[in-house]
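**Q** All I have is the shape, not the residue letters:
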């Protein structure tokens with residue numbers, strides 16, 4: 001194949017370009033997990049509550065989701081490389097602001113807004129820059145490594161956050177991000193870029209509709225744990241007896257439908273749309289987007305459930321929790337890099353199906369291994385399987401989506417792709433959390449209600465507290481609460497036993513819904529092509 005303009009010219013340059021883009025992906029994913037182990041410390045340092053910090057995390061996710069599709073269009077307007085570097089500068093400014101934050105408003109400005117805007121420019125540009133710098137046959141390996149870098153960041157995030165918070169300060173994490181951004185900007189000079197001067201305008205109405213639709217939908221999902229999915233929790237907002245979560249999700253879907261109708265109208269009038277709705281009629285593209293959605297749904301659900309088991313059920317520190325998740329990173333990286341290298345002509349559909357089966361096997365194995373007497377070692381084999389599955393999907397899906405459309409639309413594809421992954425990640429975390437809490441509540445209440453040794457007033461109080469949404473509690477936390485309430489030793493031990501059993505029931509239920517999701521994903525794999533792309537779409 002003749003070399004294309006914009007393709008990395010030498011293997012050394014290609015390695016630098018790949019390192020730069022993978023580091024960018026790593027950085028974007030790191031913020032989603034690194035501070036979860038340090039929420040209480042951050043809240044104390046900036047003079048706010050845990051709820052305030054959780055709100056900042058939610059706002060970061062919302063800003064990313066809202067501006068992902070417009071961010072892809074900006075890359076098409078000003079050039080992918082320029083969008084990438086501008087996004088890095090904005091993200092670096094956000095990280096520096098966060099590192100120096102003395103109160104919650106400054107933290108929100110830096111962490112939630114500036115970093116969110118930067119990520120919305122960077123992530124779609126990464127997708128387009130891989131397409132612009134690597135020949136078609138090399139893209140599966142490149143996309144695999146970039147996707148693996150993001151997943152590894154989520155896996156090692158708690159370990160990094162725990163180390164920084166324990167021995168230094170959480171602020172060093174964001175200071176380190178500034179240094180990473182500076183390194184990326186230096187290396188980014190090697191990235192080739194094909195200017196996109198053919199895009200004369202941006203569709204502001206479409207940008208507003210897409211941002212509002214995705215933002216409202218994701219906000220509803222993120223509030224499901226607090227408000228309830230369908231039946232509203234006590235004191236939670238509702239309308240017509242139904243949780244506000246349902247109405248927000250419906251409103252988001254309506255806005256997204258209006259966005260697509262508006263874009264179709266622009267295309268019909270031969271005006272420039274934010275994205276061409278005709279893209280979504282492409283079977284290969286929608287197949288890849290659907291798989292991205294399911295992959296991130298299961299992936300983020302696993303990264304929610306497993307750390308909870310290790311840190312709360314087993315009482316491990318943040319450092320030990322992160323260390324026990326590392327096996328997943330090993331097989332994820334191995335599969336993402338080695339499958340394209342040693343099996344360049346393998347069927348993408350077959351790899352994706354085998355990857356989903358590996359994730360399913362890992363989830364089922366973990367469900368079977370969970371036991372009151374089990375230790376941290378039980379997660380190793382399941383995580384190796386789940387990592388293998390994630391890496392297999394990562395090695396194929398990026399190339400599948402980009403090769404489905406002309407290269408001129410790679411930035412728009414990147415925006416839509418990252419919107420799909422954001423939706424999957426939000427729903428995966430919320431779904432796993434809500435199913436886990438619902439199963440835990442039901443199991444705990446049943447156990448306590450059937451135990452005659454537990455006083456009637458304790459059973460009544462437990463019902464009220466759990467229906468209001470008491471969080472996942474460790475034995476130490478529950479013992480402290482019971483001691484403060486003046487419970488006898490016998491009652492305390494009975495309640496602790498009930499809590500331990502209920503925790504496992506909740507974890508198994510969450511894993512079961514993730515396994516069911518993996519099975520559901522298999523029905524959509526027929527849209528993934530059987531052969532590797534060998535030339536760009538004309």
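**A** In hand now; what should we look at? Since the model is a prediction, treat every value here as computed from it, not as a measurement.
**Q** In the stretch 201-350 of the chain, where is pLDDT below threshold?
**A** 318 (pLDDT under 70).
**Q** Helices of that one, residue ranges please.
**A** 204-222, 224-227, 244-268, 283-308, 318-342, 348-369 (DSSP state H, counting those that start in this stretch).
**Q** name the helices or strands packed onto the shortest one?
**A** In terms of contacts (3 or more Cβ pairs under 8 Å, 6 or more residues apart in numbering; DSSP states H and E), helix 224-227 is packed against helix 244-268, helix 410-449. Using the backbone N, CA and C atoms, a C-beta is placed for each residue, glycine as well.
**Q** Quick check: the most centrally placed residue in the chain vs residue 364, distance?
**A** Geometric centre of the chain, nearest residue: residue 425, 3.7 Å, by Cα atoms, centre = their mean. As defined by Cβ to Cβ, to the nearest Å, residue 425 lies at a distance of 22 Å from residue 364.
**Q** distance of the nearest residue to residue 433 once chain neighbours are set aside from residue 502?
**A** In space, and not counting its chain neighbours, residue 433 is closest to residue 225: 5.1 Å by Cβ to Cβ, 6 or more residues apart in numbering. Distance from residue 225 to residue 502, counting by Cβ to Cβ: 17 Å.
**Q** How about residue 246?
**A** Plainly put, residue 246 is 27 Å away from residue 502 if you go by Cβ to Cβ.
**Q** Residue 225 and residue 502: who's more crowded?
**A** Per other Cβ atoms under 10 Å, whichever of residue 225 and residue 502 has more neighbours is residue 502, with 23 against 20.
**Q** right, and the more buried one touches residue 437 too?
**A** No - Residue 502 lies out of contact with residue 437 (Cβ atoms under 8 Å); the separation is 10.2 Å.
**Q** Could you check which helix or strand contains residue 43?
**A** helix 39-45 (DSSP states H and E).
**Q** Which elements pack onto the helix or strand where residue 511 lies?
**A** For residue 511, the host element (DSSP H and E) is helix 489-522. Where contact means 3+ Cβ pairs under 8 Å, 6+ apart, helix 489-522 is packed against helix 283-308, helix 348-369, helix 410-449, helix 456-467, helix 475-484.
**Q** tell me, which of those helices is the model least confident about?
**A** Mean pLDDT values for the helices and strands packed on helix 489-522 show the minimum at helix 456-467, a mean of 55.
**Q** just to revisit the earlier point, out of the helices of the stretch 201-350 of the chain, indicate the one that is most buried.
**A** helix 283-308 (a mean of 24; mean count of other Cβ atoms under 10 Å).
**Q** same for it, what does it pack against?
**A** helix 139-167, helix 318-342, helix 348-369, helix 380-403, helix 410-449, helix 489-522.
**Q** In this structure the residue nearest to residue 433 contacts residue 431, no?
**A** No - Residue 225 is beyond contact range of residue 431, at 9.7 Å (criterion: Cβ under 8 Å).
**Q** so for the helix or strand just after the helix holding residue 43, what's the average pLDDT?
**A** Next helix or strand after helix 39-45 toward the C-terminus (DSSP H and E): helix 50-78. Across helix 50-78, the average pLDDT comes to 78.
**Q** swap in stretch 148-159?
**A** 79.
**Q** Run through who's touching that stretch.
**A** 22-23, 25-30, 32-34, 36-37, 299-300, 303, 307, 318-319, 321-323, 325-326, 328-329, 332-333, 336-337, 390-391, 394 (Cβ atoms under 8 Å, 6 or more residues apart in numbering).
**Q** cutoff 7 Å now
**A** 22, 25-26, 28-30, 32-34, 36-37, 299, 303, 307, 318-319, 321-323, 325-326, 328-329, 332-333, 336-337, 390-391, 394 (Cβ atoms under 7 Å, 6 or more residues apart in numbering).
**Q** hmm, back to that, nearest to residue 55, out of the helices and strands packed on helix 224-227?
**A** Nearest to residue 55 among the helices and strands packed on helix 224-227 is helix 410-449 (14.9 Å), distances taken as Cβ to Cβ.
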